[in-house]
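Undergrad: give me coordinates for this.
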Amino acid sequence: MSASQFSGPDWDQLFGTAAAQCGYFTTRQAAEAGYSTHLLRKHIHAGRVTRPQRRIYRLVHFPATEHEELVTAWLWSERAGVISHQTALSRHGLSDVLPAVVHVTLPAAWRKRRFRVPPGVVLHYADVAPKDRAWFSAVPITSPRRTLNDCAREGLSPELLRQAARQALRRGLVRKEELGDVEVALEPFGGLAA
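TA: Next up is the predicted model:
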């Protein structure tokens, strides 16, 4: 048994974990700080903690975030997922796309797993290299280059894809030669310049 199992719950550890994740933490992270599910229930009844989703908790005195759905989707993925596709496109501010769901890319090996997907989450499977990641608040999202090419492969409408690619080029977030899948997807519609 580790020393933490004898020392009891460590509020500072739990708070530090939650602070780095916009006030949220998982059941596993709580257990690492010495909090059993029974003790978490006591904190819920006392009004110090809420449970917005299965196995995900939030410290109530922490300021609310407008991107709660991103944080909870990332924590649901055991911090292995990356916010991607139209959701990442929107967070990079690259088009007028307003996704009604959160797109998350999980590691390819997760394709064989069985799990309950939270409502409002769409899954994709691929290994996202560190160079293809960026950060939005407390969560990882795909880089602009990766996001644009993912959206092109998934069939985002040509108008939105062209708008997003042009904005990314204009803002210096990508180079034209990095947008191979975008070029292929837009070719039947007059290309990037149309």
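Undergrad: what helices or strands is the longest helix seen in the chain leaning on?
TA: Longest helix in the chain by number of residues (criterion: DSSP state H): helix 158-170. Secondary-structure packing of helix 158-170 (3 or more CB pairs under 8 Å, 6 or more residues apart in numbering; DSSP states H and E): helix 144-153, helix 180-186. For glycine as for every other residue, the C-beta is placed from the backbone atoms N, C-alpha and C.
Undergrad: need the contact list for the most centrally placed residue in the chain.
TA: By CA atoms, centre = their mean, the chain has its centre lying nearest to I83, at 3.4 Å. Residues in contact with I83 (CB atoms under 8 Å, 6 or more residues apart in numbering) are 70, 73-74, 91, 102-104, 136, 139-142.
Undergrad: pLDDT, distance to L40 and secondary structure for those residues - can I get that in JSON lines?
TA: Converted to JSON lines, the contacts of I83 look like this (pLDDT from 0 to 100; distance: CB to CB, whole Å; DSSP: H, G, I helix; E, B strand; the rest coil):
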{"residue": "L70", "pLDDT": "94", "distance to L40": "23", "secondary structure": "helix"}
{"residue": "A73", "pLDDT": "95", "distance to L40": "21", "secondary structure": "helix"}
{"residue": "W74", "pLDDT": "96", "distance to L40": "20", "secondary structure": "helix"}
{"residue": "R91", "pLDDT": "94", "distance to L40": "30", "secondary structure": "helix"}
{"residue": "V102", "pLDDT": "97", "distance to L40": "24", "secondary structure": "strand"}
{"residue": "H103", "pLDDT": "97", "distance to L40": "29", "secondary structure": "strand"}
{"residue": "V104", "pLDDT": "98", "distance to L40": "25", "secondary structure": "strand"}
{"residue": "F136", "pLDDT": "91", "distance to L40": "28", "secondary structure": "strand"}
{"residue": "V139", "pLDDT": "95", "distance to L40": "23", "secondary structure": "strand"}
{"residue": "P140", "pLDDT": "97", "distance to L40": "26", "secondary structure": "strand"}
{"residue": "I141", "pLDDT": "97", "distance to L40": "29", "secondary structure": "strand"}
{"residue": "T142", "pLDDT": "98", "distance to L40": "32", "secondary structure": "strand"}
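Undergrad: adding neighbour count and distance to R162, write those residues out as CSV.
TA: Output for the contacts of I83, formatted as CSV (neighbours: other CB atoms under 10 Å; distance: CB to CB, whole Å):
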residue, neighbour count, distance to R162
L70, 23, 26
A73, 26, 28
W74, 23, 29
R91, 19, 19
V102, 25, 24
H103, 26, 20
V104, 27, 25
F136, 16, 23
V139, 23, 27
P140, 22, 26
I141, 29, 21
T142, 29, 19
